[in-house]
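>>> Task: produce atomic coordinates for the following.
(one chain, ligands or ions: 2)
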Amino acid sequence: MNRRATSAAGACLLLVSCVSRKPAEEPKPMNMNSDLHSYSQPGKVRVRHLDLECDVNFAKKILEGVATLTIEHALDAGAAPLILDTRDLVIDKAEISSGGDFKDAVFHLGPAHEYLGAPLSVEITPATTRVRVHYSTSPNASGLQWLDPAQTAGKSHPFLFTQSQAIHARSWIPLQDSPAVRFTYDARVRTPQALLALMSAENDPKARRSGEFAFHMPLAIPSYLMALAVGDLVFHPVSERAGIYAERPVIDKAAKEFEDTEKMIEAAETLFGPYRWGRYDILVLPPSFPFGGMENPKLTFATPTVIAGDKSLVSLISHELAHSWSGNLVTNATWRDFWLNEGFTTYIELRIQEKLYGKRRASMEAVLGRETLDRNLRDLPEPDQILYVDLAGRDPDEGMTEIPYVKGALFLRTLEENFGRERFDNFIRGYFDHFAFQSITTQQFIDYLKENLLDRNKPIAARIPWQDWIFQPGLPAGAAQPSSDAFEKVRGQARRWFKRELATANLQTAGWTTQEWLHFLLFFDSNQIDAGRMADLDARFHLTESGNAEILAQWLLLATRNGYSAADRKVENFLISVGRRKFLKPLYEELVKTPEGHRRAEAIFAKAKSGYHPISAASVTEILTKELENK
Ligand code: BES
Ligand code: ZN
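Numbers count the residues shown, from 1 in each chain. Ligands and ions are numbered 1, 2, ... in the order given. Below is the predicted model of the structure:
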């Protein structure tokens, strides 16, 4: 075994820490490449490969695992221990090997931090090449959700899924839980006989349910992309290399909704170079999945709430697919650099949408994004409006605002508009090739941007205050301004209806897409509508019965805000049946604004809580208690 960190990523990280090359004009954030959210010290000892064995115990709601880590030592590592991240893990035993048999090793589990968990130090020698940890998870592991049969579509089998991003992988595997550390993995997973296991690895669409599954992931990924799901799942191909996994009651609808997946992959490939991950499958999870989607390599995890029946919400798939380039191939080195993942991805998502569904749709989606950004900018304190956000002392999940997503994408769009599409597309393609399978910092991006775009086109570059984009709050002057003619018309009608110049019966909504409906409803975000007129809208458009989760969520928010009590039952049902945090947060936040609403929110949460993922439950708890403190 080679004792030096030889890969490009490893060498690069070691280099950056000792070479100072920041130009004078930029603010100087300290330690641009040290990860505040991991106890591990990959500059000394680095995990290169993981062999995972794990038993999925539904009765106890725990995973019983053995993780064998292949490590490499830096030349100057001395007698450094291997430090792993853990959270609520029970460690039974640690062993080390220098090529031969494993021997018991001395290990120490440090004190548990609220969200960072506890560092596990294992004593190793300079000759140690492998470290083995025997452990089990806690039933409350933050990265796992255990579902009872009643919480699934099929109602007869339990379900388990993981959500590792940002720092929850450590709650189900002891590892160096930093996005700067990439490793390959093999896994052996034992499950109840009736169920299928899937991972962010090579999945065989023809796998038999034998109670034991073997996985191989030959491409190096960071820990936040470790993923596992176990349930009564079936597979439906959509092309040679793409397909859908879902529970049987959902599979046909899901396969229809996502039938354009192959076209999306092809669109992305013509824009940004080959898809390098082999298969691209989508796993549709039960509705408690706390996010819209998660870009687990080879196997995107998705909420069922994007299945609208008309493909109107599939930009989520464009987004998760885009992460196969921005995020999974070129990865943020720390959570401060998260905008590199999500800003690029949101930009590319829109490019894929444009290629597949045309400019009209992509423009509408861009404007909707911009509207959510503007709302977010009004609420966020200035430091949190910065792309290179300071997360010191904070859970990285708190960095999940519209800033890295939409401001990040707007920055790239502004570059595109100034430099021209052809030059910019070449730049991005070069960026993905240059940094493929590496984890990079914002500083590395800046250096690459200067060398390959700005310095080559100085008169254009002079127009773009890129330092402000990355290091200042708000939006710099000259930001791209997406617009949509279709939305102009919608807004005109909304305004006239609001001023009572247009009767409800005369609203011209025939042919409106989901995006137009959303734009219409969002117009009333800052305008009060009385309950009677809410009833008029509902009588004509049946919004309380909408089968489109985005439209429904926005409508229920308006209903709650405007005291339209005919929708109260639906609000409760929605909050109990859906666990997607993006929908829960605004509704609970709206409810707690009045004492009566606060009581309702508490009562709903009491019923819903056991079905929520730990991440969503924590967010709702925070909303309910913060409001109490204010009173
Ligand atoms: N990678 C994110 C999800 C994520 C980010 C999970 C940070 C945990 C911490 C994923 O790609 C994402 O952005 N999902 C969005 C949907 C997207 C269409 C904007 C979501 O879940 O809302
Ligand atoms: Zn994303």
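>>> so where do the helices sit in the stretch 301-450 of the chain?
Secondary structure of the stretch 301-450 of the chain, counting by DSSP state H, counting those that start in this stretch: helices at 315-322, 338-357, 359-379, 402, 408-419, 421-434, 442-449.
>>> Residue of the stretch 101-250 of the chain nearest ligand 1, please.
In the stretch 101-250 of the chain, the residue found nearest to ligand 1 is Gln165; the distance is 3.8 Å by Cβ to the nearest ligand atom. C-beta here means a position set from N, CA and C on the backbone, and glycine is covered the same way.
>>> of the helices of the stretch 301-450 of the chain, which approaches Gln176 most closely?
helix 338-357 (18.3 Å; Cβ to Cβ).
>>> That closest one vs helix 408-419, what angle?
70 degrees (axes from the mean of the first three to the mean of the last three Cα atoms, to 10 degrees).
>>> ok so, going back, could you export the helices of the stretch 301-450 of the chain to TSV, including columns for mean neighbour count?
Output for those, formatted as TSV (neighbours: other Cβ atoms under 10 Å):
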stretch	mean neighbour count
helix 315-322	25
helix 338-357	25
helix 359-379	18
helix 402	23
helix 408-419	22
helix 421-434	15
helix 442-449	19
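>>> Would you mind giving the ones you listed as JSON lines with mean pLDDT and distance to ligand 1 added?
Output for the helices of the stretch 301-450 of the chain, formatted as JSON lines (pLDDT from 0 to 100; distance: least, Cβ to the nearest ligand atom, whole Å):
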{"stretch": "helix 315-322", "mean pLDDT": "99", "distance to ligand 1": "4"}
{"stretch": "helix 338-357", "mean pLDDT": "98", "distance to ligand 1": "6"}
{"stretch": "helix 359-379", "mean pLDDT": "97", "distance to ligand 1": "9"}
{"stretch": "helix 402", "mean pLDDT": "97", "distance to ligand 1": "9"}
{"stretch": "helix 408-419", "mean pLDDT": "98", "distance to ligand 1": "10"}
{"stretch": "helix 421-434", "mean pLDDT": "98", "distance to ligand 1": "17"}
{"stretch": "helix 442-449", "mean pLDDT": "98", "distance to ligand 1": "17"}
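>>> ok so, going back, list the contacts of the residue of the stretch 101-250 of the chain closest to ligand 1.
Taking Cβ atoms under 8 Å, 6 or more residues apart in numbering, we find Gln165 in contact with 224-225, 294.
>>> Out of those residues, give me the one that has the most neighbours.
Most neighbours among the contacts of Gln165, by other Cβ atoms under 10 Å: Tyr224, with 27 neighbours.
>>> Just to be sure, that one is in a strand?
No: going by DSSP: H, G, I helix; E, B strand; the rest coil, the assignment for Tyr224 is helix, not a strand.
>>> quick check, distance from stretch 396-414 to the centre of its chain.
Computed by Cα atoms, centre = their mean, to the nearest Å, the chain-centroid distance of stretch 396-414 equals 12 Å.
>>> where does Pro29 land on pLDDT?
pLDDT recorded at Pro29 is 34.
>>> measure Arg370 to Leu557 for me?
19 Å (Cβ to Cβ, to the nearest Å).
>>> right, I mislabeled it, should have said Leu507
From Leu507 to Leu557 the distance is 20 Å (Cβ to Cβ).
>>> Count residues in the vicinity of the residue of the stretch 401-550 of the chain found nearest ligand 2, would you?
Closest approach between the stretch 401-550 of the chain and ligand 2, counting by Cβ to the ion: Tyr405, at 7.1 Å. Burial of Tyr405 is recorded as 24 neighbouring residues (other Cβ under 10 Å).
>>> With Asp76 instead?
So Asp76, with other Cβ under 10 Å, has 9 neighbours.
>>> Which pLDDT value goes with it?
For Asp76, the pLDDT comes out at 85.
>>> Assumed it was part of a helix.
No: per three-state DSSP, Asp76 lies outside any helix segment and is coil.
>>> still on that earlier bit, between the contacts of Gln165, which is nearest ligand 2?
So of those, ranked by how close each gets to ligand 2 (Cβ to the ion), first place is Met294, at 8.1 Å.
>>> For that closest one, give me the pLDDT.
98.
>>> State the phi and psi torsions of it.
phi -140, psi 130 (degrees, to the nearest 10).
>>> try Arg580
Here Arg580 shows phi and psi, under degrees, to the nearest 10, equal to phi -70, psi 120.
>>> wait, doesn't it sit right on Pro287?
Yes: using Cβ atoms under 8 Å, Arg580 makes contact with Pro287 at a distance of 7.3 Å.
>>> who touches both of these two?
Common neighbours of Arg580 and Pro287 (Cβ under 8 Å, 6+ apart) are 303, 305.
>>> ok, back up a step: tabulate the contacts of Gln165 in a markdown table, adding columns for distance to ligand 2.
Converted to a markdown table, the contacts of Gln165 look like this (distance: Cβ to the ion, whole Å):
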| residue | distance to ligand 2 |
| --- | --- |
| Tyr224 | 12 |
| Leu225 | 12 |
| Met294 | 8 |
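>>> quick check, whichever strand or helix holds Val620 touching ligand 1?
Element membership for Val620, per DSSP states H and E: helix 614-630. No: Helix 614-630 stays clear of ligand 1 (Cβ under 6 Å from any ligand atom), getting no nearer than 7.8 Å.
>>> what's in contact with that helix?
Residues outside helix 614-630 that contact it (Cβ under 8 Å, 6+ apart) are 140-142, 144-145, 163, 168, 288, 290, 397, 579-581, 584-585, 588-589, 592-593, 598, 601-602, 605, 609, 612.
>>> Just these: which are in strands?
With DSSP state E as the criterion, strands contain 144-145 from among the contacts of helix 614-630.
>>> For ChimeraX, write the select line for the buried members of the contacts of helix 614-630.
Buried residues within the contacts of helix 614-630, by 16 or more other Cβ atoms under 10 Å, are selected in ChimeraX with:
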select :141,142,144,145,163,168,288,290,397,579,580,581,584,588,589,592,598,601,605,612
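>>> Also within reach of ligand 1: list those from the contacts of helix 614-630.
Applying Cβ under 6 Å from any ligand atom to those, those adjacent to ligand 1 are Asp397.
>>> Give me every residue in the stretch 501-631 of the chain lying close to ligand 1.
Lys582.
>>> which ones are touching the residue in the stretch 501-631 of the chain that ligand 2 sits nearest to?
Using Cβ to the ion, the closest approach of the stretch 501-631 of the chain to ligand 2 is made by Lys582 at 12.1 Å. Taking Cβ under 8 Å, 6+ apart, we find Lys582 in contact with 291-292.
>>> same deal with Thr128?
71, 82, 96-98.
>>> repeat for Ser288
Counted by Cβ under 8 Å, 6+ apart, Ser288 has contacts 145, 147, 151, 578-579, 611-613, 616.
>>> circling back: between the contacts of Thr128, which sits nearest ligand 1?
The closest of the contacts of Thr128, once distances to ligand 1 are taken by Cβ to the nearest ligand atom, is Leu82, at 26.1 Å.
>>> How many residues are close by that closest one?
For Leu82, using other Cβ under 10 Å, the count is 28.
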